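Asker: how would this look folded up:
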Amino acid sequence: MASEKVRILITNDDGYHSEGIIALENALSEIGDCYVVAPASEMSGASHSLTLARPLRIRQIDARHWTVDGTPTDCVTLALNQILSAEERPHICVSGINHGANLGDDATYSGTVAGAMEATILGVSGLAFSLVANRNHDFTESAKIAKEITEMALQEGLPPKTLLNVNVPKGIPIGIKVTKQGFKDARPVISEHIDPRGKPYYWIGEVRTGFHAEGGTDFEAIDEGFVSVTPMRSDLTNHLAIEMMQNWER
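Answerer: Now for the predicted structure:
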């Protein structure tokens, strides 16, 4: 990296105008050339969805900024295969900073994580950053962490097809821990309402009661005031189950 200017692709799921992506670009601009390709509107909870049932529109803001009327996965796919030239191909893709946690099971719903995951599938290392505090709009500390971890990933490299899901706690973190994905204790809450035409509509939410304290999880690191860094990949294979199910084969 020392002999070549670092190129960074930035995306998110909160939309092009979110405070988190602005703070992220400002921080990462200190270490390289940033190219922002982000959803035109909020796509929270989009997970790893790819838009196939309608056309997508790209809007170029300036030489290094574009919006896409689709998901984070759409944004990264178009950035790497349509928008950016071969000379602009990024060394790393950074997604975020998400306003809200992406811990444990919730990472599977996250468009922030999906943006980084799509990059790894397409051969570019991916990082996803989230700020845990739901009502705190101050991204100062999380932007500093994003810059620090991005620099480490560029200098030391990551295993192939690996993304880092990074969650930053409230306030000033006391350190960084490499963690495993945890599991939450929660139940869904479905709220039913009636619209002005007399037809029912629904809001899906949840009540969270805690998490499984297994040792070394992202939940526990955040609960203790640490930044959690969870290495992840698109391979969802349960290798233990393969061993246990050998007698199923015929």
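Asker: Name the helix or strand of this structure that has the lowest mean pLDDT.
Answerer: None of the helices or strands of the chain scores lower by mean pLDDT, DSSP states H and E than strand 200-211, at a mean of 80.
Asker: Can you list the buried residues in that one?
Answerer: Within strand 200-211, the residues scored as buried using 16 or more other CB atoms under 10 Å are Phe211. Quick note: C-beta positions are derived from backbone N, CA and C, even for glycine.
Asker: now stretch 220-237
Answerer: By 16+ other CB under 10 Å, the buried positions in stretch 220-237 come out as 220-223, 226-230, 232.
Asker: any idea how far it is from the chain center?
Answerer: In terms of CA atoms, centre = their mean, to the nearest Å, the centre of stretch 220-237 is found 12 Å from the chain centre.
Asker: Can you tell me which of the buried residues of stretch 220-237 is closest to Gln60?
Answerer: The shortest gap between Gln60 and any of the buried residues of stretch 220-237 belongs to Met232, at 31.4 Å (CB to CB).
Asker: The closest one contacts Leu164, doesn't it?
Answerer: Yes: proximity of Met232 to Leu164 meets the contact threshold set by CB atoms under 8 Å, at 7.4 Å.
Asker: Report the set of residues contacting both of those two.
Answerer: Common neighbours of Met232 and Leu164, counting by CB atoms under 8 Å, 6 or more residues apart in numbering, are absent.
Asker: all helices for the chain, in order.
Answerer: Listed in chain order, the helices of the chain (DSSP state H) span 19-28, 72-78, 111-121, 140-156, 218-223, 239-244.
Asker: Can you report how many residues lie near Gly175?
Answerer: Number of residues near Gly175 (other CB atoms under 10 Å) recorded here: 9.
Asker: can you check Gly96 too?
Answerer: Gly96: 32 surrounding residues under other CB under 10 Å.
Asker: Look up how far Lys144 lies from it.
Answerer: Between Gly96 and Lys144 the distance is 13 Å, computed by CB to CB, to the nearest Å.
Asker: Val76 now?
Answerer: From Val76 to Lys144 the distance is 24 Å (CB to CB).
Asker: With neighbour numbers in mind, choose between those two.
Answerer: The neighbour count for Val76 versus Lys144, taken as other CB under 10 Å, is higher for Val76 (29 against 15).
Asker: so Asp69 sits right up against Met43, yeah?
Answerer: No: applying CB under 8 Å, one finds Asp69 not in contact with Met43, separated by 9.9 Å.
Asker: Compare these two and say which is more crowded by neighbours.
Answerer: Taking other CB under 10 Å, Asp69 and Met43 do not tie; Met43 has more neighbours (27 against 17).
Asker: Contacts only, for that one.
Answerer: Taking CB under 8 Å, 6+ apart as the contact definition, Met43 lies against 13-15, 70-72, 111.
Asker: what's the pLDDT at it?
Answerer: The confidence metric pLDDT takes the value 81 at Met43.
Asker: Any chance of the backbone angles for Ser29?
Answerer: Ser29 adopts backbone torsions of phi -60, psi -20, taken as degrees, to the nearest 10.
Asker: separation between it and Lys147?
Answerer: Relative to Lys147, Ser29 is positioned 10 Å away (CB to CB).
Asker: who's more crowded, those two?
Answerer: Neighbour count, other CB under 10 Å: between Ser29 and Lys147, Lys147 has more, with 18 against 14.
Asker: So that one is in contact with Leu28, correct?
Answerer: Yes: assessed by CB under 8 Å, Lys147 is found in contact with Leu28 at 6.2 Å.
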